[in-house]
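Asks: predicted model and sequence follow; I will ask about them next.
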Amino acid sequence: MAAKERAVGYDALRLEPVILIVGAEPVLAERAWARLISLARQAHPEVQVVRVDAATYERGALALHTSPSLFGDHRIVIITGAEHMNDAFLTEMLAYLPQPNADIPVIIQHGGGTRGKK
């Protein structure tokens, strides 16, 4: 199944299982994250925000953060620096994309360039 690709302004963002934010301007990416976190908190005020750096990603972290919680905790995962991702992140994200956990949004920020463009 091919991923849907569409460009929207950050004010029009809505929560999806996987969201890709592309652009070299960190301020705009932070506005998009803030919008998405705000949306998540509207649904679940106690939502946990988990930040992962794609360059220093450790194998298994994506599965850990996107697995359902035994205690009903709600999470949103923000992955930064995808333009500098390591091979472990690339491999695990490509495996995750066909069947993402719809209850835990994953936001990937890619600052531009060709790394990870598959």
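Replies: In hand now; what should we look at?

Asks: strands along this structure, start to end?
Replies: Using DSSP state E, the strands found in the chain span residues 18-22, 48-53, 75-80, 106-110.

Asks: now those in JSON lines, with mean pLDDT, mean neighbour count and distance to Ala88?
Replies: (C-beta placed from N, C-alpha, C; glycine too.) Below are those laid out as JSON lines (pLDDT from 0 to 100; neighbours: other Cβ atoms under 10 Å; distance: least, Cβ to Cβ, whole Å):
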{"stretch": "strand 18-22", "mean pLDDT": "92", "mean neighbour count": "18", "distance to Ala88": "18"}
{"stretch": "strand 48-53", "mean pLDDT": "96", "mean neighbour count": "16", "distance to Ala88": "11"}
{"stretch": "strand 75-80", "mean pLDDT": "96", "mean neighbour count": "22", "distance to Ala88": "12"}
{"stretch": "strand 106-110", "mean pLDDT": "95", "mean neighbour count": "23", "distance to Ala88": "15"}
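
Asks: could I get those strands as JSON lines with distance to Gly9?
Replies: Conversion of those to JSON lines gives the following (distance: least, Cβ to Cβ, whole Å):
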{"stretch": "strand 18-22", "distance to Gly9": "12"}
{"stretch": "strand 48-53", "distance to Gly9": "22"}
{"stretch": "strand 75-80", "distance to Gly9": "19"}
{"stretch": "strand 106-110", "distance to Gly9": "16"}
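
Asks: name the residue closest to the centre of the protein, please.
Replies: By Cα atoms, centre = their mean, the chain has its centre lying nearest to Ile107, at 1.9 Å.

Asks: doesn't Thr80 make contact with that one?
Replies: No - using Cβ atoms under 8 Å, Ile107 is not in contact with Thr80; the gap is 9.1 Å.

Asks: other SSEs contacting the longest helix along the chain?
Replies: Using DSSP state H, we find that the single longest helix of the chain is helix 26-43. With contacts taken as 3 or more Cβ pairs under 8 Å, 6 or more residues apart in numbering; DSSP states H and E, helix 26-43 sits against strand 18-22, strand 75-80, strand 106-110.

Asks: just tell me which of those strands ends up closest to Ala32.
Replies: Set against Ala32 and scored by Cβ to Cβ, those come closest in strand 18-22, at 5.1 Å.
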